[in-house]
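**Q** take a look and give me a structure for this.
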Amino acid sequence: MGLQKNDFIEIEFTGKIKNGEIFDSNVKKDIEEAKLKTLAKPFIFALGQGMFLKGIDDFLIGKEPNKGYHIELSPEKAFGLRDSKLIKLIPAQVFKQHKMNPFPGALFNFDGKIAKVLSVSGGRVRVDFNVPLAGKEVEYDVKVLRKVENLNEKIKAFNDFLFKKDFKFSIKDKKITLEVDKPLVKFVEMFKNKFKEIFDLELGVKQSSKKE
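**A** Reported below is the predicted structural model:
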């Protein structure tokens, strides 16, 4: 049987602009070639749960594990089309107030949104809030190393994706209990339905006994 939604898999992958440069990878030689600031480490995720690019998810469902695939994606199935409404004019004074020097090609963070400076002219700065790969055709080389069967390994990967934390957890009688820091208790509880959908486990959350 081919891979199905909610299956956890471990993959090696390299993504590049079609016929162009590498922009993402977890393969050491490709990371070094492209001089990426990422680590060559295993990537485990659940199919169909938004943990990786949807176009990759859609392609891999039904495919066989332990094989390599070359996947070409249109902008619509990759990082979306460019939106002219996301190109804004911002007064240069805004940058001066924050002691920032805008110049073409510079990247700035506006309330969590990354924008690229396109031009500076007449006291106004033209910036682009589109994601850098919007409008690009991309291609991925993906090798499905294995289908992950161990429940603990699946849960660790899922926790890392959702919370960027390696929470302690225990499983008993179809219930999983996560030990989390006090400020995160309410946030983690919001994912009860996801744990039920993916793992068929009821989620319980308790405050960690360790000092914060």
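**Q** who touches stretch 62-70?
**A** With CB atoms under 8 Å, 6 or more residues apart in numbering as the test, stretch 62-70 has contacts from 2-4, 9, 59-60, 139-147. (Each C-beta comes from the backbone N, C-alpha and C, glycine too.)
**Q** one more time with 7 Å, if that's ok
**A** 2-3, 9, 139, 141-144, 146-147 (CB atoms under 7 Å, 6 or more residues apart in numbering).
**Q** next step: those residues restricted to helices.
**A** Among the contacts of stretch 62-70, DSSP state H puts none in helices.
**Q** and these, which of them are buried?
**A** For the contacts of stretch 62-70, a neighbour count by 16 or more other CB atoms under 10 Å gives the buried set as 3, 9, 139, 141-142, 144.
**Q** partner residues bridging the residue nearest to F169 when sequence neighbours are not counted?
**A** The shortest distance from F169 to any non-neighbouring residue, by CB to CB, 6 or more residues apart in numbering, is to L178 (4.9 Å). L178 has these beta-bridge partners by DSSP bridges: F169, V205.
**Q** run a quick neighbour tally on L178.
**A** L178 has 23 neighbours, counted by other CB atoms under 10 Å.
**Q** swap in the one 3 residues further on?
**A** Other residues within reach of D181, judged by other CB under 10 Å, total 14.
**Q** can you tell me how far it is from K168?
**A** Remark: distance between D181 and K168 (CB to CB, to the nearest Å) = 11 Å.
**Q** please apply the same query to T38.
**A** T38 is 27 Å from K168, by CB to CB.
**Q** look at those two and report which has more neighbours.
**A** Higher neighbour count among T38 and K168: K168, with 14 against 11, using other CB under 10 Å.
**Q** adding pLDDT and distance to F161, write the contacts of stretch 62-70 out as TSV.
**A** Below are the contacts of stretch 62-70 laid out as TSV (pLDDT from 0 to 100; distance: CB to CB, whole Å):
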residue	pLDDT	distance to F161
G2	92	23
L3	96	18
I9	98	13
E139	97	24
D141	97	22
V142	98	17
K143	97	20
V144	97	18
R146	96	18
K147	96	17
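**Q** not counting its own residues, what contacts the longest helix along the chain?
**A** For the chain, the helix with the greatest residue count under DSSP H is helix 151-163. Contact with helix 151-163 is made by 8, 44-46, 51, 148, 165-167, 169, 176, 188, 191, 199, as judged by CB under 7 Å, 6+ apart.
**Q** tell me the two of those residues that are most distant?
**A** V148 and V188 (22.0 Å; CB to CB).
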